[in-house]
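**Q** Pasting a predicted model and its sequence here:
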Amino acid sequence: MPAVFRAVLPKARDFLSFWERVGRPRYAVREDPGHVTFLQQHEWVFSDGRDAMMREVLSWDSQGLCFVWCDPTDAERAEWGNELEGAWDVPGLPDFLADAFANLPAREAAPSQKALREALFDTVLRVTECYGFFELDMTDARDYLKDWALDDDKLDRPEVYRAQRYFGVIERVHAEGGARPPRYLVFVGSRLGHVLRSQLEAVGLDVDCLVGMTCVVNGLNEIVLIGSQPIPAVVPTPSS
């Protein structure tokens, strides 16, 4: 089995340094922010093999996980009919991964545990947004790492980016799912800015009336001016 490496790497430079140090494994995976179930926040797992990588992420071997064929129960047949087919399951995996079992071959095809496992991992990593994972094929990860390094630089030198100004007209606004408190994304041509409802309320602006208004966005993608109204900066809090 290919070697597997894991490390908590919050910044792009940490990622690159570790990747170089362990010999440039081909694949890397982490969980999406806010969906940390198997790994720590900012933790990555690396390997030259996707199967080995995901077995480490899911603690497949240490938990002794395996596929079990489950025939329909009498209650399920009574509700759905006698034509209801059985399905594979892996006791010990969380329910949110259950949909990834839908396209596995039937028991009659008699695939090996290895073939079933690789088919499951392929599904999870092909539709990562459904299952909370983010995978990098390191043979073609330049754009992602470049963007990540730029984001790190913005956080390290915020005042430099706050001094930048970009002008445009607000095209549309929507709530960002899962943000606490709600954050509103403002599309200004090809650029994107964000503002909190509390910032708008502080200057008497209604989020439903922003479309079509002129806008200024800084290099951190913060809205700093809408029409003639300066928008107050967000005051950081310990919980934010």
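**A** Looks like it came in fine.

**Q** residues in contact with the spatially most central residue of the chain?
**A** What sits nearest the mean C-alpha location of the chain, by Cα atoms, centre = their mean, is D32, with 3.1 Å. Taking Cβ atoms under 8 Å, 6 or more residues apart in numbering, we find D32 in contact with T128, E129, G132, F133, F134. For every residue, glycine as well, the C-beta is placed using N, CA and C.

**Q** if we go to 6 Å?
**A** Going by Cβ atoms under 6 Å, 6 or more residues apart in numbering, D32 touches G132, F134.

**Q** do the same with M53
**A** M53 neighbours (Cβ under 6 Å, 6+ apart): Y27, V29, V45, S47.

**Q** Tell me the one among those residues nearest to L65.
**A** Nearest to L65 among the contacts of M53: V45, at 16.3 Å, using Cβ to Cβ.

**Q** Pretty sure Y161 sits against K154.
**A** Yes: using Cβ atoms under 6 Å, Y161 is in contact with K154, at 5.0 Å.

**Q** sorry, back to before: columns secondary structure, pLDDT and distance to M213 on top of the contacts of M53, output as TSV?
**A** As requested, the contacts of M53 are exported to TSV (DSSP: H, G, I helix; E, B strand; the rest coil; pLDDT from 0 to 100; distance: Cβ to Cβ, whole Å):
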residue	secondary structure	pLDDT	distance to M213
Y27	strand	96	45
V29	strand	96	41
V45	strand	97	45
S47	strand	97	49
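
**Q** Please produce CSV containing those, extended by distance to D140 and neighbour count.
**A** Output for the contacts of M53, formatted as CSV (distance: Cβ to Cβ, whole Å; neighbours: other Cβ atoms under 10 Å):
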residue, distance to D140, neighbour count
Y27, 11, 23
V29, 15, 25
V45, 19, 23
S47, 17, 24
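
**Q** Present those as JSON lines; the columns should include distance to V207.
**A** Shown next, in JSON lines, are these (distance: Cβ to Cβ, whole Å):
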{"residue": "Y27", "distance to V207": "41"}
{"residue": "V29", "distance to V207": "36"}
{"residue": "V45", "distance to V207": "40"}
{"residue": "S47", "distance to V207": "45"}
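
**Q** Now do stretch 102-122: distance from first to last residue.
**A** 12 Å (Cα to Cα, to the nearest Å).

**Q** Find the nearest non-adjacent residue to H174, please.
**A** L185 (6.1 Å; Cβ to Cβ, 6 or more residues apart in numbering).

**Q** And for D89?
**A** Counting by Cβ to Cβ, 6+ apart, the residue nearest D89 is C70, at 5.0 Å.
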